[in-house]
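A structural model of the following input is requested.
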Amino acid sequence: MRDATLSGIVLRESQFGESDKYVTLLTHEVGLIDCMAKRARKAGGALAAGTQPFCYCRYTVFEGRERTFVRGCDITESFYGLRNDLRKLTYSCHFADIAMDIAQEGEPNEDLLSLLLNALHLLDKTDRDPEAVKAAFEMRAACVSGYRPEAGLCGLCGSKGPMRAFDFGSSAFLCGGCLGGAMAGGRVVALTPGAASGIARIIGSEGKGAYGVGIPDDCLREISEFAHMYLCDKMEREYGRLAFLGKIT
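Numbering: from 1, shown residues only. A predicted model of the protein is given here:
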């Protein structure tokens with residue numbers, strides 16, 4: 001790639017020298033890409049606004065001898081409000097951490113990018129409960145990264161449920177009839193029927209439809225905890241950024 005125009009969002013930034021920065025972009029065209037933004041930390045600089053975290057822009061980039069540089073940017077959506085609300089900012093950083101782990105250099109991932117942009121829009125522009133956005137994002141992020149469980153049938157007997165548990169060993173939902181035997185061993189998490197139904201609807205949704213799934217208030221915490229547990233299990237790492245919020249509330 002010599003010169004190109006890329007549409008994408010800033011997932012991460014790091015300082016370099018006195019006035020430059022590195023940015024990691026998740027783009028429609030090439031997936032993840034690391035770029036150098038010269039003088040982007042100078043107030044009023046041409047690249048200062050468009051290289052802030054979560055800015056979604058059209059970037060003009062060119063390839064140097066050792067790295068790719070940002071030449072210019074045209075902001076499509078800054079999601080400015082996220083950087084002025086500590087709670088929303090923390091959730092946004094959590095989503096960016098997950099996207100960084102899933103996305104690959106040179107491999108576009110439209111599903112992931114769309115999932116992230118819709119999550120940030122809901123946090124920034126609506127009064128949607130961030131925990132509900134998190135539950136949908138985490139569950140669908142696991143799905144788009146290749147870990148979509150079969151939510152419609154019991155993993156042991158094949159019945160249509162209702163589902164009452166999830167077996168992490170076999171990555172399968174279990175109906176009430178199979179729950180007793182499965183609980184005797186393995187990593188099985190019991191679920192209320194309402195939570196199991198909500199999780200199944202999120203799994204079966206596409207695009208921004210995941211965020212349109214109505215989650216009853218009495219099931220939200222259970223669904224959110226399950227989605228986080230499932231994602232961490234599949235990604236084989238812990239995402240602990242949100243624990244910070246518990247220390248300040």
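
Strands of this protein, residue ranges please.
Ranges of strands within the chain are 3-16, 20-27, 31-37, 56-63, 68-77, 163-167, 172-175, 188-190, based on DSSP state E.

can you list the ones you listed in CSV and add mean pLDDT?
Listed next are the strands of the chain as CSV, based on pLDDT from 0 to 100:
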stretch, mean pLDDT
strand 3-16, 94
strand 20-27, 96
strand 31-37, 96
strand 56-63, 96
strand 68-77, 96
strand 163-167, 94
strand 172-175, 93
strand 188-190, 92
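
Just give me the longest helix of this structure.
helix 217-235 (DSSP state H).

Give me the contacts around that helix.
98, 101-102, 129, 131-132, 134-136, 138-139, 141-142, 145, 147, 149, 166, 168, 189, 191-192, 194-195, 198-199, 202, 215, 238-239 (Cβ atoms under 8 Å, 6 or more residues apart in numbering). Where C-beta positions appear, they are placed from N, C-alpha and C, glycine not excepted.

quick check: angle from it to strand 163-167?
30 degrees (axes from the mean of the first three to the mean of the last three Cα atoms, to 10 degrees).

Give the buried residues for helix 217-235.
219-220, 222-224, 226-228, 230-232, 234-235 (16 or more other Cβ atoms under 10 Å).

ok so, going back, can you go through the contacts of helix 217-235 and name the buried ones?
98, 102, 132, 134-136, 138-139, 141-142, 145, 149, 166, 189, 191, 195, 198-199, 202, 215, 239.

just checking, which of the residues you listed belong to helices?
Short answer: these in helices (DSSP H) are 98, 102, 132, 134-136, 138-139, 141-142, 195, 198-199, 202.

Just checking the distance from the helix or strand bottoming out on mean pLDDT in the chain to the centre of its chain.
The helix or strand of the chain with the lowest confidence, counting by mean pLDDT, DSSP states H and E, is helix 176-182 at a mean of 77. What separates the centre of helix 176-182 from the centre of its chain is 32 Å, taken as Cα atoms, centre = their mean, to the nearest Å.
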